[in-house]
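Undergrad: structure for the following, please:
(chains A, B, C and D)
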There are 2 protein chains.
Amino acid sequence: MQASLHQPPLTRSVEDYLKAIYHLSSQGGFAATRDIAANLDVSPPSVSGMVKRLSETGLIEHVPYRGVQLTAQGRRAALKMIRRHRILEVYLIQQLGYDWSSVHEEAERLEHAVSDELIERMARALGDPHYDPHGAPIPTAAGEIEEADLVPLAEARVGTQLELRQVGTEDPARLDYLAGQGLVPGALLTVTERHPFNGPTVVRLAEGVRVVGRELGQLLWCRAAAR
Amino acid sequence: MQASLHQPPLTRSVEDYLKAIYHLSSQGGFAATRDIAANLDVSPPSVSGMVKRLSETGLIEHVPYRGVQLTAQGRRAALKMIRRHRILEVYLIQQLGYDWSSVHEEAERLEHAVSDELIERMARALGDPHYDPHGAPIPTAAGEIEEADLVPLAEARVGTQLELRQVGTEDPARLDYLAGQGLVPGALLTVTERHPFNGPTVVRLAEGVRVVGRELGQLLWCRAAAR
DNA sequence: TCATATGATTAGGCCATACTAATCCAGTCG
DNA sequence: CGACTGGATTAGTATGGCCTAATCATATGA
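TA: The predicted structure follows:
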């Protein structure tokens, strides 16, 4: 089942690169050097260097001047980190009173230090959750992840009824604001207006009417509400 | 109150050195290079190198060819790590079902990744425990630690009644064995015999009589039982 | 009192990871 | 269709942490 029997454990840095590459290549096929660099807050030459090593160890595929993609092995490792991160976020919120907006940073550090066993214990204690606090799907221990097809609120058709499923940011300020507006995963909403020239979208939710600007509208991933 | 306003955060390695030095110098005044090296499983030259840097940054005091001691600052940092470690151990056991013998390794990795906030949340969730699962005192957030004077079972006078307070090992095999014998912190026991030539100590506990060899006897720290 | 052994330190490297400065490639526009 | 420009890469350097081999200091005992 596994090609190489005993990998050395990945370093913290390698784990971060794999996660970044996973996120960047999840839409288009290739992650570009500059995007990885921006994502990890590191210089492009540092990325080039790391890319070289990662492709030598078989975690990524590199097409020079085009970008990189994860191999099956790299994808497995990335999904493991994402599972860790998301389970940690749920755990910290539900068991330790963290809040939506502050949990990311803590999980970011812990994900590199926890054992598989601890993560599975946390998952069990939580009843094996399928989504993290932002609505993102949690990969299974076996490395499978749900692929939902969602549409950003900013692009949803006027008149449709939607369920907000996922909030695509970890920025505390934005998260706080959104929570204050009742724009959290699970919220049911109806799109009532869209203003032109990248203007806001207006929605109605149970608690009232909300005006959502373009930027935030792009972060709010929705699907047709089950009526 | 503090000499240098904003320390850079300590690296994982530095944190480990400080903890090791704390433990080694807690009895005698100085920690020797070779002992630090053995404790951390690194070579003596590596220790010399690190010692140089640590004394430059004011965390330790180095007397060449004699050994090192923590400065007030170093001691504070070491106690912080020890607090983290011990709170984590209690938390993992009480909230996540870890057992006595397996918890050390997990705590060892996590202690470098958790924030102060997380530790204080865990401590609160546990009711601010004063002792870890092995009976070791947990330093306060302010950096104070209880100094009990305990005697190893192997050196306790025959005939005395004792309370087992602290078990001085993290070795899983020894911990499992001791738990099986009912030799856990809080156990009340009476010393009935001591055999010569580094022979075993025999004790009576509620559950029965136990024979404790020299090596383990040195790890079982006791105090006169409150009668 | 001095030789020796033990432990400490210095010398000299290596690897992972990052940086800046310099160079190179590829796709776009004139 | 060639020049430019922006992104990618290579060159060269730094730092933290570790190693082995070589050297040095100290304390002991002959």
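Undergrad: grab the nearest non-local neighbour of residue A:32.
TA: residue A:67 (4.7 Å; CB to CB, 6 or more residues apart in numbering or on different chains). Where C-beta positions appear, they are placed from N, C-alpha and C, glycine not excepted.
Undergrad: please apply the same query to residue A:20.
TA: Here the residue nearest residue A:20, using CB to CB, 6+ apart, is residue A:39, at 4.4 Å.
Undergrad: which residues does that neighbour contact?
TA: Each residue near residue A:39 by CB atoms under 8 Å, 6 or more residues apart in numbering or on different chains is listed here: A:20, A:23-24.
Undergrad: was I right to think the residue nearest to residue A:32 contacts residue A:34?
TA: No: between residue A:67 and residue A:34 there is no contact under CB atoms under 8 Å: 9.7 Å.
Undergrad: and those two? Which one has more around it.
TA: Applying other CB atoms under 10 Å in any protein chain shown to residue A:67 and residue A:34 shows that residue A:67 carries more neighbours, namely 22 against 11.
Undergrad: next up, the contacts around that one.
TA: A:25, A:29-33.
Undergrad: these: which two are farthest apart?
TA: Greatest spacing in the contacts of residue A:67, by CB to CB: A:29 and A:33 (14.7 Å).
Undergrad: about what we covered before: out of the contacts of residue A:39, which end up buried?
TA: Among the contacts of residue A:39, the ones that count as buried by 16 or more other CB atoms under 10 Å in any protein chain shown are A:20, A:24.
Undergrad: where in chain A is pLDDT low?
TA: Counting by pLDDT under 70, chain A contains low-confidence residues at A:1-6, A:226-227.
Undergrad: could you say what helices and strands the helix ranked longest in it packs with?
TA: Using DSSP state H, we find that the single longest helix of chain A is helix A:72-96. In this structure, helix A:72-96 packs against helix A:12-25, helix A:103-110, helix A:116-125, helix B:116-125, with contacts taken as 3 or more CB pairs under 8 Å, 6 or more residues apart in numbering or on different chains; DSSP states H and E.
Undergrad: distance between the shortest one and the chain's centre?
TA: In terms of CA atoms, centre = their mean, to the nearest Å, the gap separating the centre of helix A:103-110 from the centre of its chain is 13 Å.
Undergrad: just the angle for it relative to helix A:72-96, thanks.
TA: 120 degrees (axes from the mean of the first three to the mean of the last three CA atoms, to 10 degrees).
Undergrad: flag every residue of chain A that's near chain B.
TA: A:92, A:95-98, A:105-106, A:109-110, A:112-115, A:117-118, A:121-122, A:125 (CB under 8 Å from any CB of the partner chain).
Undergrad: among those, name the buried ones.
TA: Among the residues of chain A next to chain B, those scoring as buried are A:92, A:95-96, A:98, A:106, A:109-110, A:112-114, A:118, A:121-122, A:125 (criterion: 16+ other CB under 10 Å).
Undergrad: can I get those in CSV with distance to residue A:134?
TA: Listed next are those as CSV, based on distance: CB to CB, whole Å:
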residue, distance to residue A:134
A:92, 13
A:95, 17
A:96, 17
A:98, 13
A:106, 15
A:109, 18
A:110, 17
A:112, 20
A:113, 22
A:114, 20
A:118, 22
A:121, 23
A:122, 17
A:125, 20
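Undergrad: closest to chain B out of those?
TA: Using CB to the nearest CB, residue A:113 is the member of those that lies nearest chain B, at 3.8 Å.
Undergrad: excluding sequence neighbours, find me the nearest residue to the spatially most central residue of chain A.
TA: Centroid-nearest residue in chain A, with CA atoms, centre = their mean: residue A:136, separated by 6.0 Å. With CB to CB, 6+ apart as the criterion, residue A:136 has its nearest non-adjacent residue at 5.6 Å, and that residue is residue A:166.
Undergrad: give the helix, strand or coil label for the one you found.
TA: strand (DSSP: H, G, I helix; E, B strand; the rest coil).
Undergrad: right, and it touches residue A:221 too?
TA: Yes: in this structure residue A:166 lies within contact range of residue A:221 using CB under 8 Å: 4.2 Å.
Undergrad: any residues in contact with both of the two?
TA: A:135, A:150.
Undergrad: neighbour count: those two, which is higher?
TA: residue A:221 (22 against 19).
Undergrad: okay, and the more buried one sits in which element?
TA: Assigned by DSSP states H and E, residue A:221 belongs to strand A:220-224.
Undergrad: dump that strand to CSV, keeping only the CA atoms.
TA: Presented in CSV, the C-alpha positions along strand A:220-224 are these (Å, rounded to 0.1, in the frame of the first residue of the first chain):
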residue,chain,number,x,y,z
LEU,A,220,-19.2,33.5,2.2
TRP,A,221,-19.7,30.2,0.5
CYS,A,222,-23.3,29.1,0.1
ARG,A,223,-25.4,26.4,-1.4
ALA,A,224,-29.1,26.2,-2.4
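Undergrad: which parts of that strand are buried?
TA: Judged by neighbour count using 16+ other CB under 10 Å, the buried positions of strand A:220-224 are A:220-223.
Undergrad: could you work out the most separated pair of those?
TA: Maximum distance among those (CB to CB): 11.3 Å, for A:220 and A:223.
Undergrad: got the contact list for the closest residue to residue A:185 other than its chain neighbours?
TA: Closest residue in space to residue A:185, ignoring its immediate chain neighbours: residue A:135 at 3.3 Å, by CB to CB, 6+ apart. Shown in contact with residue A:135 (CB under 8 Å, 6+ apart): A:164-167, A:185-186, A:221.
Undergrad: could you do residue A:177 as well?
TA: Contacts of residue A:177 (CB under 8 Å, 6+ apart): residue A:216.
Undergrad: separation between residue A:90 and residue A:131?
TA: Distance, residue A:90 to residue A:131, using CB to CB, to the nearest Å: 8 Å.
Undergrad: what parts of chain A come near DNA strand C?
TA: A:11-14, A:40-43, A:45-46, A:49-50, A:53, A:65 (CB under 7 Å from any atom of the strand).
Undergrad: how many degrees apart are the longest helix of chain A and helix A:116-125 in direction?
TA: 50 degrees.
Undergrad: now helix A:72-96: buried residues?
TA: A:73-93, A:95-96.
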